[in-house]
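Undergrad: Structure for this input, please:
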Amino acid sequence: MSNITPAAAATISPEDARSLQANIWKFYLFRFFVDFQLWLPIWAVYLIDERGLSLTQLTALDAPFWILLIVLEVPTGAIADRWGRKISLSYGALTNAIAVVVFGIATNFGVLLISYMVWAAAFTLYSGADSAFVYDSLRATGRERDYTKLWGRARAIQAVGAVLGLLLGAPLAHFTTLWVPVVASGGLMAVAWIVSFSFREPPRFENPDEQPSYFNVVKEAFGVAFGKPSVRYMMLLTAGVMGVGVSMIILQQPFLSDHEMPIWSFGIFLTPGQLLSMVAALVTYRVLTLIGVSRIIILMPLVVMTTAVGLGAIDYVAAFAFYPLTTTMFAMSFVVISDYLNRRIPSANRATILSIHNMIFSLAVAGMEPLLGWLGDTWGLPVAYRMAAIIVAVLAAPLLALWLRAHRQEQLPGEEVLGSGDSEAEAEPEPAQPP
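TA: Numbers count the residues shown, from 1 in each chain. Prediction:
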């Protein structure tokens, strides 16, 4: 499962062990404020109604954002591997806070574009570094087997923050103006930045006396990511399917606007999906022991296609009920994918490899979102959803077959446990003192 040994864990002093254990609950607090964003239910409407963008312009504005993510994901992941996860998370939160404030006060397309670019840079600083920070904090104290459970809790706490943002942001916009929730969110992100000061940088045990150069970190990460078939096809499959799914999720607010729903109600529509996501993230480790990794990964494209077909076939506001299927499936999949990749990659390159996965995901969204936005503007949102269903089917079928073959050849113990009480206990031992 991991290269850590009891001897390696024993080199951590009791004081260091306590600090590393505390990283977990501090990270929960950090992620809560990162995701407690009041712009969540109104950002698309803010751009369309407050700043005068069309749906095509909105999705076109997103394209440079995702392209910059593609460019910066790996370099910033290597920063986290070379100079530390804490540094990367802290600078990411600070930069994000600045970007959100600028986004809220922007009065023209150029300033909006600049804020998006800064936002993209911020996002790459803590994507990849976040799960690497948690995994290595657990690994340093010999608790990496608890990762699925604790990362699921982190995802659930993210959902709690998002739910609060959804429920409070839309009414705040209704009773003030659309830009007020956006600017206020910058202050919440600044709280996450302050929390990051208290993190303890986790150690790495592979070659502890060697400090590879920045470019060697990047080179080795690509070698591991694409040299191991199970990792390669997992990244390509999940990033591609999630890229299509997220591009559909971005159309939620235009969907509600097209069906003449009032702005104050957006949070009500979006909250059930977040609540289901929270529950899904919390129970993922139990579902994993019952049905195994492969069945969860197989379900992911099927659920995304079901959502796309439903939204494409039913042009009524009630069709919005298909959206929580995808958000719930993604909440579960994020935990499973993160654990799957972390168990197969070395700590020294962990953040960079996870950033490669995020880079592929960003590439998928950069292509899909403008396409769906253009289709929605030109022929209507149902056509955009139908196209999304076709793309998922064409993309997922061959990649899923390739991943399943590689997974069977490289399967690790406990990944395909099917529900016996003894096996579940063996696969998921109860931690002594979970944070």
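
Undergrad: Tell me which other helices or strands the helix or strand harbouring residue 376 touches.
TA: Secondary-structure assignment from DSSP states H and E places residue 376 in helix 350-379. With contacts taken as 3 or more CB pairs under 8 Å, 6 or more residues apart in numbering; DSSP states H and E, helix 350-379 sits against helix 55-83, helix 129-140, helix 214-227, helix 229-249, helix 323-342, helix 381-410. Heads up, the C-betas are built off the backbone N, CA and C, glycines and all.

Undergrad: Would you quantify the distance from residue 255 to residue 407?
TA: Using CB to CB, to the nearest Å, residue 255 is found at 35 Å from residue 407.

Undergrad: who has more neighbours, these two?
TA: Between residue 255 and residue 407, counting by other CB atoms under 10 Å, residue 255 is the more crowded of the two (23 against 20).

Undergrad: Quick one: classify that one as helix, strand or coil.
TA: With DSSP: H, G, I helix; E, B strand; the rest coil as the basis, the three-state label of residue 255 is helix.

Undergrad: Which residues are in contact with it?
TA: By CB atoms under 8 Å, 6 or more residues apart in numbering, residue 255 lies in contact with 311, 320, 381.

Undergrad: just checking, the second one touches residue 269?
TA: Translated: residue 320. Yes: using CB atoms under 8 Å, residue 320 makes contact with residue 269 at a distance of 5.8 Å.

Undergrad: what is in contact with the two at once?
TA: Shared contacts of residue 320 and residue 269, counting by CB under 8 Å, 6+ apart, come down to 252, 256.

Undergrad: Centre-most residue in this protein?
TA: For the chain, residue 334 is the residue whose C-alpha lies nearest the centre (CA atoms, centre = their mean; 6.6 Å).

Undergrad: circling back: tell me the angle the helix holding residue 376 makes with helix 214-227.
TA: Counting by axes from the mean of the first three to the mean of the last three CA atoms, to 10 degrees, helix 350-379 lies at 70 degrees to helix 214-227.

Undergrad: got the contacts of residue 255 as JSON lines, with neighbour count and distance to residue 22 columns?
TA: JSON lines is the format used below for the contacts of residue 255 (neighbours: other CB atoms under 10 Å; distance: CB to CB, whole Å):
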{"residue": "311", "neighbour count": "26", "distance to residue 22": "43"}
{"residue": "320", "neighbour count": "20", "distance to residue 22": "41"}
{"residue": "381", "neighbour count": "23", "distance to residue 22": "46"}
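
Undergrad: Out of those, which is nearest to residue 16?
TA: Lowest distance from residue 16 to the contacts of residue 255 (CB to CB) belongs to residue 320, with 48.8 Å.

Undergrad: Next up, the contacts around the closest one.
TA: Residue 320 makes contact with 252, 255-256, 269 under the criterion CB under 8 Å, 6+ apart.

Undergrad: Is residue 72 in contact with residue 118, as I believe?
TA: No: using CB under 8 Å, residue 72 makes no contact with residue 118, being 11.1 Å away.

Undergrad: Which one of the two is surrounded by more residues?
TA: Using other CB under 10 Å, the more surrounded residue of residue 72 and residue 118 is residue 72, with 23 against 17.

Undergrad: Show the pLDDT at the more buried one.
TA: For residue 72, the pLDDT comes out at 83.

Undergrad: same deal with residue 3?
TA: 40.

Undergrad: change the start of the numbering to 56 and stick with it
TA: Let's use 56 as the start, then, which means that last one is residue 58.

Undergrad: Just the buried ones from the contacts of residue 375?
TA: The neighbour-count test (16 or more other CB atoms under 10 Å) marks 307, 310-311, 324 as buried among the contacts of residue 375.

Undergrad: Now those residues in TSV, please, with extra columns for distance to residue 274 and pLDDT.
TA: TSV is the format used below for the buried ones among the contacts of residue 375 (distance: CB to CB, whole Å; pLDDT from 0 to 100):
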residue	distance to residue 274	pLDDT
307	40	88
310	44	89
311	46	89
324	46	87
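
Undergrad: Report the two of those separated the most.
TA: Using CB to CB, the two most remote members of those are 310 and 324, lying 9.1 Å apart.

Undergrad: picking up where we left off before, what's the most buried one of the helices and strands packed on helix 405-434?
TA: Highest mean neighbour count among the helices and strands packed on helix 405-434 (mean count of other CB atoms under 10 Å): helix 184-195, with a mean of 26.
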